[in-house]
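*Asks:* The sequence and its predicted three-dimensional model are supplied below.
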Amino acid sequence: MNQETKEKKKTNVQEALQRVLPEHIDGFKELVSCDRLSEGASQETYRIVVNTDKGERQLAMRRSPGGIPKPKTEGHPGLAVEAMLMRSAREAGVPEPEVLFVAKPEDHLGEAFVMEWLDGETLGARIVRSEALAEIRPRLAYQCGQILARIHAIDLERTGLNKVLDVMNPEALVEQTWNFYKRLNTPQPMIDYAARWLKENLPHNPRTTLVHNDFRNGNIIVTPQGVIGVLDWEIAHIGDPMRDLGWIGTNSWRFGKSELPVGGFGRYEDLFRGYEEVSGVRVDPAHVKFWEVFGSFWWAVGCLLMAEHYRTGPDKTVERPAIGRRSSECQVDCVNLLIPGNVTLVQAGNGPESTEMPRIDELVVSVRDFLRDDIMNQTKGRTNFMARVASNSLDIVLRDLMIGPSHRQQEHDRLRRLLSTEGTLEALRWKLVNGLRDGSIPLNQQGLAEHMRATVVNQIAIDQPQYSGFKTAIKSAR
């Protein structure tokens, strides 16, 4: 999308807000600003500043990408239902911003809703490190347990949520996620391995409640007083409440603090204590571990879907393919949870052997450094964020040039031995994937776990060697 198109779309949003805000904001005088934020990969988030007869007021808007309504699919009820969920949660004592209005077609905002702006920290990396939050941080896991208990106690019939949300039991969630991945037509054996494990270890007869389904560090608003808001209800459903407790413990949302499993800021025992005190329901840690594994499996697929969204539009940002490469982070978390052990790292080469001037790696470095040294130093906000994402993507390209050829050759050699057959790397990946899917390859087949570890761990060495799951995996590396 070129700059002229971006400016036109921004103007259209501002003009629509200028028309509709006076109907819903008491004492509205004028729209001061409307800025799209960098936060949020699946929905657009805007910060809106208005003048009223009582002074300046900040609002937030959630909007589907480009304002285009998403098809109502299983597990994705839409933004209007998300607003309904936030209102129901607020009534149940869950800390929530007040939803002011849901856009109608005649508002020309597309699928969107506007709510009050809450001042607090939403960036997970800052929540786990900020000095301003140091005192409250040890109590956040307990608070999250209490909040989740209140969410799970919401009366589905009284609120009408039972009429607009899908019911998803654990097996259905595994199958749905696995099917999303299968439709992408990419062979990622660790995803299929995790799916098989989940199918063979399903929870027995779990409770059924409202499930937020994306309750994690990064979707809560935190101040020195604690959690003041729960955000991003877009994939809520009715199902096993332990899904939420496992998701906040998934390593992707610990932001480098892997030693603190709950959001990178707390421990399971505090989360469970807060939950049990409000709900009266005892938590089974093994049940939660199932959902922690599912969380990494689910987000591994979710990352790939972001890359698919880049291919199909409408929001073709540099962020989406970058998130796609984060699938290997989730896959290495599955390795650490299910098949930990020794792994040998591929040694980096010297890069492309070429007498060309400039070499391909030099071209990549020049663009990366331009983004970091020039663009990032002269921009702020979303443009600065996207420049950082773009430069990180170029780092992946550079590492792939150095490590990728040897990594893929060793993967190919292992697959020949494991499957006792010849074929291209792509063909052998598919043979392994299909064997995992139809059950002809058992999870305990000799050499399978070792192959999975070596493949996934060396891939994350390319994609994100600073990821905490990679560091966990190589503690025993030879």
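*Replies:* Noted; the coordinates are in hand. Numbers count the residues shown, from 1 in each chain.

*Asks:* Do you know the pLDDT at R243?
*Replies:* Looking at R243, its pLDDT is 98.

*Asks:* Let me fix that, I meant to ask about P352.
*Replies:* If you check P352, the pLDDT there is 67.

*Asks:* Next, count neighbours for the closest residue to T186 other than its chain neighbours.
*Replies:* Of all residues not flanking T186 in the chain, L304 sits nearest, at 6.7 Å (CB to CB, 6 or more residues apart in numbering). C-betas here are computed from N, CA, C, even on glycine. Neighbour count for L304, taken as other CB atoms under 10 Å: 22.

*Asks:* Check the secondary structure at L304 for me.
*Replies:* Each residue gets one of three states, and L304 gets helix by DSSP: H, G, I helix; E, B strand; the rest coil.

*Asks:* quick one: the strands in the chain?
*Replies:* Using DSSP state E, the strands found in the chain span residues 28-36, 44-52, 55-63, 99-102, 112-116, 167-168, 209-211, 220-223, 226-230, 237-239.

*Asks:* got any ranges where the stretch 51-200 of the chain has weak pLDDT?
*Replies:* Applying pLDDT under 70 to the stretch 51-200 of the chain flags residues 70-75.

*Asks:* Out of the strands of the chain, which one sits most buried?
*Replies:* By mean neighbour count, with neighbours taken as mean count of other CB atoms under 10 Å, strand 209-211 ranks first of the strands of the chain at a mean of 24.

*Asks:* What helices and strands are in contact with that one?
*Replies:* With contacts taken as 3 or more CB pairs under 8 Å, 6 or more residues apart in numbering; DSSP states H and E, strand 209-211 sits against helix 137-152, strand 237-239.

*Asks:* Please report the distance of the residue nearest to T186 from F297.
*Replies:* Here the distance between L304 and F297 works out to 12 Å (CB to CB, to the nearest Å).

*Asks:* And for the closest residue to S406 other than its chain neighbours, the neighbour number?
*Replies:* Spatial nearest neighbour of S406, excluding adjacent residues (CB to CB, 6+ apart): V346 at 4.9 Å. Applying other CB under 10 Å, we find 21 residues neighbouring V346.

*Asks:* before we move on, what about E200?
*Replies:* 8.

*Asks:* Excluding sequence neighbours, find me the nearest residue to it.
*Replies:* Nearest residue to E200 in three dimensions, chain neighbours excluded: L443, at 7.6 Å (CB to CB, 6+ apart).

*Asks:* For the one you found, give me phi and psi.
*Replies:* Backbone geometry at L443, expressed as degrees, to the nearest 10, gives phi -70, psi -20.

*Asks:* List the contacts of it.
*Replies:* By CB atoms under 8 Å, 6 or more residues apart in numbering, the residues touching L443 are 193, 196-197, 200, 436.

*Asks:* Let me know whether Q143 touches Q225 as I believe.
*Replies:* No - assessed by CB atoms under 8 Å, Q143 is found out of contact with Q225, at 10.0 Å.

*Asks:* Counting neighbours, go ahead and name the busier of these two.
*Replies:* Q143 (20 against 10).

*Asks:* From I220, how far off is that one?
*Replies:* 9 Å.

*Asks:* Check K257 too.
*Replies:* Using CB to CB, K257 is found at 15 Å from I220.

*Asks:* Over to P97?
*Replies:* For P97, the distance to I220 (CB to CB) stands at 12 Å.

*Asks:* What are the neighbouring residues in contact with the residue nearest to S406?
*Replies:* When contacts are counted by CB under 8 Å, 6+ apart, V346 touches 403, 406-407, 410, 458, 461.

*Asks:* Just the buried residues of those residues.
*Replies:* For the contacts of V346, a neighbour count by 16 or more other CB atoms under 10 Å gives the buried set as 403, 407, 410, 458, 461.

*Asks:* Would you convert the residues you listed into TSV that also reports pLDDT?
*Replies:* Output for the buried ones among the contacts of V346, formatted as TSV (pLDDT from 0 to 100):
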residue	pLDDT
I403	95
H407	97
Q410	97
N458	98
A461	97
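
*Asks:* Now the common contact residues for P97 and I220.
*Replies:* Joint contacts of P97 and I220 (CB under 8 Å, 6+ apart) are G229.

*Asks:* Just tell me which of the helices and strands packed on strand 209-211 ends up closest to N384.
*Replies:* Of all the helices and strands packed on strand 209-211, helix 137-152 sits nearest to N384, with 26.8 Å by CB to CB.

*Asks:* and the closest one, what does it pack onto?
*Replies:* Going by 3+ CB pairs under 8 Å, 6+ apart, helix 137-152 lies up against strand 209-211, strand 226-230, helix 242-248, helix 268-279.

*Asks:* And for this structure, the residue most distant from the center?
*Replies:* The C-alpha centroid of the chain is most remote from T355, which lies 41.9 Å away (CA atoms, centre = their mean).

*Asks:* any idea how far P405 is from it?
*Replies:* Using CB to CB, one gets 18 Å for the distance from T355 to P405.

*Asks:* now for the helices and strands packed on strand 209-211, which one comes closest to Q378?
*Replies:* With CB to CB as the criterion, Q378 lies closest to helix 137-152 of the helices and strands packed on strand 209-211, at 34.1 Å.

*Asks:* burial count for L184?
*Replies:* If you count neighbours by other CB under 10 Å, L184 ends up with 16.

*Asks:* hang on, A89 packs against V230?
*Replies:* Yes - with contact defined as CB under 8 Å, A89 reaches V230; the gap is 6.6 Å.

*Asks:* what do these two both touch?
*Replies:* Jointly contacting A89 and V230 under the rule CB under 8 Å, 6+ apart are 96, 151.

*Asks:* Next, the contact list for L85, please.
*Replies:* Taking CB under 8 Å, 6+ apart as the test, what L85 contacts is 161, 210, 233, 236.

*Asks:* no wait, A153
*Replies:* So A153 contacts 92, 209, 278-279 (CB under 8 Å, 6+ apart).

*Asks:* and it, how far is that from D413?
*Replies:* 54 Å.

*Asks:* now swap in S328 and tell me
*Replies:* Taking CB to CB, one finds S328 at 20 Å from D413.

*Asks:* Between those two, which has more neighbouring residues?
*Replies:* S328 (26 against 11).

*Asks:* Quick check: that one touching Q464?
*Replies:* Yes - proximity of S328 to Q464 meets the contact threshold set by CB under 8 Å, at 7.2 Å.

*Asks:* Give me the residue at the spatial middle of the protein.
*Replies:* Nearest residue to the geometric centre of the chain (CA atoms, centre = their mean): W299, 6.0 Å.

*Asks:* Contact partners for it?
*Replies:* For W299, the contacting residues are 250, 252, 330, by CB under 8 Å, 6+ apart.

*Asks:* Output the residues you listed as TSV; include the columns distance to G266.
*Replies:* Shown next, in TSV, are the contacts of W299 (distance: CB to CB, whole Å):
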residue	distance to G266
T250	14
S252	16
C330	21
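
*Asks:* Those in helices, which ones?
*Replies:* Counting by DSSP state H, the part of these found in helices is C330.

*Asks:* Near the residue lying closest to S354 once chain neighbours are set aside, how many other residues are there?
*Replies:* Ranked by CB to CB, 6+ apart and with sequence neighbours excluded, the top spatial neighbour of S354 is I360, at 7.3 Å. Other residues within reach of I360, judged by other CB under 10 Å, total 14.

*Asks:* Check G274 too.
*Replies:* Counted with other CB under 10 Å, residues neighbouring G274 total 22.

*Asks:* Look up how far T209 lies from the nearest residue to it once chain neighbours are set aside.
*Replies:* Excluding the flanking residues, the one nearest G274 by CB to CB, 6+ apart is G145, at 2.7 Å. In this view, G145 and T209 are 15 Å apart by CB to CB.

*Asks:* Kind regards, and thank you for your time.
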